[in-house]
Each structure stands twice: as C-alpha cells, then as structure tokens.
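1. Sequence unavailable; structure follows:
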C-alpha cells in the first residue's frame, strides 16, 4: 500500500509535484509514494529525469474515464493527489473511486461549480466510507484559507472573540500561469454559458457552503476603488471567485472558530496615486477582454490560439524560482479590535509554490494525525495548524500575525 499516489505525474504541474516529493522525501522510508498516469512511457521518462533518487519510485497506470482502472489504482494508495484538469472534464470518476474505497484525496481544482457537484453527489457516501476529500490545495486556495484560519485563531487568543471581517489584499506577486490553468478557466466559461445553473453557482458568494450556513457576504468586489485602509487603489482579484468560497465553507464548517457573522473578501493592490489608478484600469481592461472573449466558443478558441498558453505549457524553472507572493490581511472584531499581517511564499504562486503546497497536503493527509472523518473538507477544516506547520517548515510559506 502506497502512502501517496500522484495522479497526472507526467503533466506540467504533476512533474513539479514529483520533483518536490523526490527532493523533499527521497530516501525517507517513512514515505512510500508512486507516480501514476495514462502513459507508462511518459511516466518512465519523467522518473528518469528526476535522477538517481527517483529510480525506485513505482509507476502505475489507469484511465481517467475507466472506473474499473481507477478502482484498481486507488485501492493501492492511502492518499491520491490529482493534478489532472480541467477537473470538470477529467476528475469526476477519480473522486468517485476515492469515495467508494474510503481513500483520502486532494487536488488543485479551481472550478467551484465542479466542487459543488462532487459534494452534492458524494458527501453522504464519503461520510460512510471514511473518504476525506479536500479540493483547492494550491495557490487556490491554501494561502487564503489557511491565512484566514491563522487570523481567526490569533483573534480568539488575543481578543477572546472572532473576527467579523477579514480582507485579503494581494500586495505583490511574480509568476506565470500554465496552459492547464487557462484550459480550466475557459472550460468554466463554457459551462457557465451553456448552463444557467452553473452561472448562478459562480455568482453566488456561498456556492460551497453547506445549506443553511450562508453568512453576511453579498458579492465579491466588482470594480476599481480607492481603499483608505491601505492608502492605495485596489482592483478585483482574479482568483477571489474560488478563494472566497473556500474560506466561507471553512467558516461554515467551523462556526466555533469563525463565528456566524464572518465576512471575507479579497482584492489586488494596484498602487497609489495616478499610477496605481491607471494600473488598475489596465488590469480591469485585461480581465474584460478575457471575460468577453470567453463568453463565446469563437472567442475562447481565439484566446487559446493567441493570448493564452496551451495545456502542458507554463513558466520555466528560472521563472518559477524567481517568483514569489505576499498577501496582506486586515481583520476586525465586532468591537473594532484589529489584526494585521501577511502570508507569503518563496516561489511563483501558480506553480513553484503550488507544487509544494499540494505535495505537503498529500503528506499531511497520509502521515499526520487528523481529527476529521470522512467527508468533503477544506484545507483549513481538514488540516488547519498541522498543515500550516508543514508548509512553514518545508514549503517556503510564512503565516505572520503582527
């Protein structure tokens, strides 16, 4: 029985996770993991490229559309890490197999409509089989989710009360997106265009909340504005549509920590003065081009062929290692008591840092004592401080409360 099976190890992000697990855990008898995918030869080539440390890593094969082959695959592991997206196209059968066999599972899904479908379809069975399913374990949405958890924990310790408001600001970030990310984004747009229910789920601030646990949030930020708290112009953050839903689900699953009036939002700081405003206008215009282009099949094809990368492409090693991110947080209790601080990472957020976050999530699920039983969890509600400690020790992240 393998502690971890890395599904999609020959893809762009899968290779990065394989590299991380090899470098961080090679030679440690305490972690037994395998590489998996559709193509034996591609997997062998990836393993060969990882060097001498990786030569003994087992290789497993399966097909994402073949339930029998996935049943055989997941039966051989305690935890399945999936990097194969768009998940709405290629991920459903794997989640179903993990639920059937009571296995833990984590992924990089940023597709809230698909996550909602998986919860609705499998939550009851997961509770029976003991399968612990944790979506959104990369830059979407670990820094936001565990950042909010950190600040709520600090507020309860310092003020004996939860924060009722928490705002995350993207202060600085350097890094690129892979073709797989763009493919997922375009698939979400296509689903929303074809299905009004999907469009409704994407608009709802509480899409991932359990029924009856909706909080005070009304909508995510939609326009450029000047924020007095940070003294700068702020614009909508492109990942907020995923991150805010995950954080709100964490709050709903842990009302004793977050309280029932917790409100959470995200934005991107574009700068001060006229330059900050112009940068924000440019950012809004770029988002507008993608949204308008993504609203039609012709537009999506044009974006894929001109502006966006193809699946399998992404930032090179130098770009990943020179990347970073810093997210500032400002929180407030009902009495007006304030907390500030940040979450930061030492690699490009989308891939260098994401690969380390996902790898450590898998190890945490496989090796650490966690209190949660079967069900659909968030990183914060499933692993909380245990995962934070791992990320700070091994993955270059910092969670700091001033």
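-> Yes, it's here. Only a predicted model underlies this, so the values are computations on that prediction, with no experimental measurement involved.
2. Can you give me the neighbour number for the nearest residue to residue 221 once chain neighbours are set aside?
-> Once flanking residues are discounted, residue 221 sits nearest to residue 236: 4.7 Å by CB to CB, 6 or more residues apart in numbering. In short, each C-beta sits where N, CA and C put it, glycine included. Using other CB atoms under 10 Å, residue 236 is surrounded by 21 other residues.
3. ok, residue 236 touching residue 268?
-> Yes. Using CB atoms under 8 Å, residue 236 is in contact with residue 268, at 7.1 Å.
4. any idea how far the residue lying closest to residue 11 once chain neighbours are set aside lies from residue 316?
-> Leaving out its chain neighbours, the residue that sits closest to residue 11 by CB to CB, 6+ apart is residue 83, at 5.6 Å. From residue 83 over to residue 316 the distance is 18 Å, taken as CB to CB, to the nearest Å.
5. These two - which one has more neighbours?
-> Just comparing residue 83 and residue 316: by other CB under 10 Å the higher neighbour count belongs to residue 83, 26 against 9.
6. tell me the contacts of the residue lying closest to residue 103 once chain neighbours are set aside?
-> The shortest distance from residue 103 to any non-neighbouring residue, by CB to CB, 6+ apart, is to residue 74 (5.0 Å). Residue 74 is in contact with 5, 80, 94, 97, 98, 101, 103, counting by CB atoms under 8 Å, 6 or more residues apart in numbering.
7. Please repeat the previous calculation with a cut-off of 7 Å.
-> Residue 74 sits next to 80, 97, 98, 101, 103 when contact means CB atoms under 7 Å, 6 or more residues apart in numbering.
8. how about CSV for these, with secondary structure and pLDDT added?
-> Formatted as CSV, the contacts of residue 74 follow (DSSP: H, G, I helix; E, B strand; the rest coil; pLDDT from 0 to 100):
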residue, secondary structure, pLDDT
80, strand, 98
97, helix, 98
98, helix, 98
101, helix, 98
103, coil, 98
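9. can you list contacts of stretch 92-109?
-> 7, 13, 64-65, 67, 70-71, 74-75, 77-83, 85, 87, 91, 115, 118, 122, 125-126, 129-138, 354, 358, 361-362, 365, 374.
10. That stretch: end-to-end distance?
-> Its start and end residues considered, stretch 92-109 measures 11 Å (CA to CA, to the nearest Å).
11. Packing partners of the longest helix belonging to the chain?
-> Ranked by residue count and defined by DSSP state H, the top helix of the chain is helix 273-293. Applying 3 or more CB pairs under 7 Å, 6 or more residues apart in numbering; DSSP states H and E, one finds that helix 273-293 contacts strand 232-235, strand 263-271, helix 297-306.
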